[in-house]
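> test case, fold it:
(one chain, ligands or ions: 1)
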Amino acid sequence: MSDRHKPVVILGAGLQGCCVALELAQRGVRVVLLDRDEIPMNRASLRNEGKIHLGLVYANDRTLATANLVLQGSLHFYNLLAKWLGLAIDRLSCSTPFNYLVANDSLLTADELAKHYRAIELEYHQYLKRYPQLNYLGQRPEQLYRYLTSEELAIYFQSSYFRTGFQTAELAVDTEQLAILIRQAMERSSSIQFLPSKLVKSVERFNGLFRIEGIDPEGTWLLEGQQVINATWENRLAIDRSIGIECIDGWLHRLKYRVIARLPESLRDAPSVTMVIGRYGDVVIRPNGTVYLSWYPLALQGWSHELQPPASWDDPCRGRVPQKQARDLAAGVLEAIDSWFPGIGKSEPFLVDAGAIFAYGRTDVDKTTSGLHDRTKIGVTSVDGYHTVDTGKLTTAPLFAMTVADRVMDWML
Ligand SMILES: Cc1cc2nc3c(=O)[nH]c(=O)nc-3n(C[C@H](O)[C@H](O)[C@H](O)COP(=O)(O)OP(=O)(O)OC[C@H]3O[C@@H](n4cnc5c(N)ncnc54)[C@H](O)[C@@H]3O)c2cc1C
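Numbers count the residues shown, from 1 in each chain. Next up, the predicted model:
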């Protein structure tokens, strides 16, 4: 039960917090959405790759549980965004489809990968049959993957680097566009009050309510709410702990950089790529002639098992990267990718920034036993009106927003 005169307070205006706000607003709930930044959608939900995962990349979780979870997220992603964005959803553009290229020293063989992809495709068809309204980014492709022929592989790639490749139906959304559309939808809603520049320090229970404390440019502030949703991603554990919720052991924060560049004309229709499975990289080719580039050995620049990542991560996660560092990183990433994707090196980088990734694991993705292959410990935990969300992936944020909204409504009864 809760005091209906106070607002529901959402901490963190990334995709997770914004989707919860939009859904609660549609259900007639007044919400206050706080963020330490001046605008919503300024952190990981903006500075990521934008892939809407079908689960293909999680082949080393042999239980299929991770793939299944992200697959569900991806099949709800478009409809839920359309519910909140309305017709503006048509302005959200997608990348070219991903090729999955199997590196010579991949953790899994091509046969093992094909087996995983086949299992996902089966699962996918079962979902589509059971729920005719579901779709993958507005489409219902018949086939999710097929082997590339060696001739096809050689069109764009240095074949000697790969055992084989797959063409897949997987796509990425343009995260800059997504951020703009989400911000606009929130501005249109009279039930959402966005409070910028509010850094949350703690939450406590008080007289059946929640007291949220923090700092802003004017000093300290205090806010009361009937329920609280913690969607602060890499700061979530610290805020949970302040209200007495302990986290599962074994968490990890990683700092990963990305490079955005203008593509040479000749590669504008090339496939997007994920190299599997190990410490490799991704290339996302967007319809506006830009490309997202990530090469894991260079892009991964922070690793922390502390409750909160180091303060030094804050600047790159807000897009502030010193010019020389940005130039050197971009040059290194372009050179590394150009060796197996010739021509990429001619791209012109214009943005380098980073995002924090929260997950569970002690060792890196090139180890078969790494916890990073399993992303099932994600989702919503609720304790008497306090809801904390481990978003897991951009892909799963809209689906988890529905779970949060259901729990908020239940607690109001
Ligand atoms: C480089 C990179 C690539 C990725 N690629 C993909 C991908 O291809 N596909 C995919 O599905 N996922 C991907 N992800 C993961 C995805 O970006 C995240 O899972 C998702 O964006 C998390 O959303 P969120 O809203 O929880 O976090 P965020 O978007 O980070 O939002 C959290 C918000 O909380 C605010 N906040 C934090 N602490 C406080 C505080 N104390 N007080 C007030 N406000 C606070 C922040 O300012 C921020 O606005 C990637 C992540 C990274 C970093």
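
> what are the phi and psi values for the closest residue to the ligand within the stretch 251-400 of the chain?
Closest approach between the stretch 251-400 of the chain and the ligand, counting by CB to the nearest ligand atom: residue 355, at 2.5 Å. Just so you know, the C-beta spots here come from the backbone N, C-alpha and C atoms, and that holds for glycine as well. Main-chain torsions, residue 355, degrees, to the nearest 10: phi -140, psi 160.

> quick one: contacts for it?
Contacts for residue 355 (CB atoms under 8 Å, 6 or more residues apart in numbering) come out as 43, 44, 46, 47, 48, 255, 256, 258, 317.

> what do you get for residue 318?
Contacts of residue 318 (CB under 8 Å, 6+ apart): 37, 42, 43, 353.

> can you do 10 Å?
Listed by CB atoms under 10 Å, 6 or more residues apart in numbering, the contact partners of residue 318 are 36, 37, 38, 42, 43, 46, 47, 353, 354.

> same check on residue 60?
Contacts for residue 60 (CB under 10 Å, 6+ apart) come out as 66, 107-108, 112-113, 116, 276-277, 365, 367-370, 372-374.

> if we go to 6 Å?
residue 373 (CB atoms under 6 Å, 6 or more residues apart in numbering).

> could you say which helix or strand contains it?
For residue 60, there is no helix or strand it lies in under DSSP states H and E.

> which secondary structure state is assigned to residue 259?
Using DSSP: H, G, I helix; E, B strand; the rest coil, the structure places residue 259 in strand.

> would you confirm that it contacts residue 333?
Yes. Contact criterion CB atoms under 6 Å: residue 259 and residue 333 qualify, at 5.0 Å.

> please enumerate the shared neighbours of these two.
Residues within reach of residue 259 and of residue 333 at once, by CB under 6 Å, 6+ apart, are residue 293.

> out of the contacts of residue 318, which sit inside strands?
353, 354 (DSSP state E).

> could I get the contacts of residue 318 as CSV with distance to residue 21, pLDDT and neighbour count?
What follows is these, written out as CSV (distance: CB to CB, whole Å; pLDDT from 0 to 100; neighbours: other CB atoms under 10 Å):
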residue, distance to residue 21, pLDDT, neighbour count
36, 16, 98, 21
37, 15, 98, 17
38, 17, 98, 9
42, 15, 98, 20
43, 16, 98, 26
46, 16, 98, 24
47, 20, 98, 25
353, 24, 98, 19
354, 25, 98, 27
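
> and the two most separated of the contacts of residue 318?
Using CB to CB, the contacts of residue 318 span at most 18.6 Å, a distance reached by 38 and 354.

> quick revisit: export the contacts of residue 355 to JSON lines and tack on distance to residue 311?
Converted to JSON lines, the contacts of residue 355 look like this (distance: CB to CB, whole Å):
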{"residue": "43", "distance to residue 311": "15"}
{"residue": "44", "distance to residue 311": "17"}
{"residue": "46", "distance to residue 311": "20"}
{"residue": "47", "distance to residue 311": "18"}
{"residue": "48", "distance to residue 311": "21"}
{"residue": "255", "distance to residue 311": "12"}
{"residue": "256", "distance to residue 311": "18"}
{"residue": "258", "distance to residue 311": "21"}
{"residue": "317", "distance to residue 311": "11"}
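
> returning to that earlier point: more crowded one of residue 259 and residue 333?
Neighbour totals were compared for residue 259 and residue 333, and residue 333 leads with 28 against 25 (other CB atoms under 10 Å).

> what helices and strands are in contact with the helix or strand harbouring the more buried one?
Assessed by DSSP H and E, residue 333 sits inside helix 323-338. Here helix 323-338 touches strand 251-262, strand 290-295, strand 348-360, going by 3 or more CB pairs under 6 Å, 6 or more residues apart in numbering; DSSP states H and E.

> most packed of these?
Mean neighbour count (mean count of other CB atoms under 10 Å) peaks for strand 290-295 among the helices and strands packed on helix 323-338, with a mean of 23.

> hang on, the earlier thing: okay, and the beta partners of the residue of the stretch 251-400 of the chain closest to the ligand?
Note on residue 355: beta-bridge partners by DSSP bridges are residue 256.

> and residue 390, by the same measure?
residue 379.

> list the contacts for the closest residue to the ligand within the stretch 1-150 of the chain?
Going by CB to the nearest ligand atom, the ligand is nearest to residue 14 of the stretch 1-150 of the chain, at 1.9 Å. When contacts are counted by CB under 6 Å, 6+ apart, residue 14 touches 43, 45, 233.

> let's see that with 7 Å instead.
Contact analysis of residue 14 by CB atoms under 7 Å, 6 or more residues apart in numbering lists 41, 43, 44, 45, 231, 233.

> okay, and residue 284 sits in which element?
Using DSSP H and E, residue 284 maps to strand 281-285.

> okay, the helices and strands packed on helix 323-338 in TSV with distance to residue 142 next?
Putting these into TSV (distance: least, CB to CB, whole Å) gives the following:
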stretch	distance to residue 142
strand 251-262	32
strand 290-295	27
strand 348-360	32
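
> can you tell me which of the ones you listed is nearest to residue 323?
strand 348-360 (9.3 Å).

> residues near residue 10, how many?
Neighbour tally, residue 10, other CB under 10 Å: 31.

> shouldn't it be within a helix?
No. Read with three-state DSSP, residue 10 is strand and lies in no helix.

> now for residue 175, how many residues are close by?
The number of residues near residue 175, taken as other CB under 10 Å, comes to 26.
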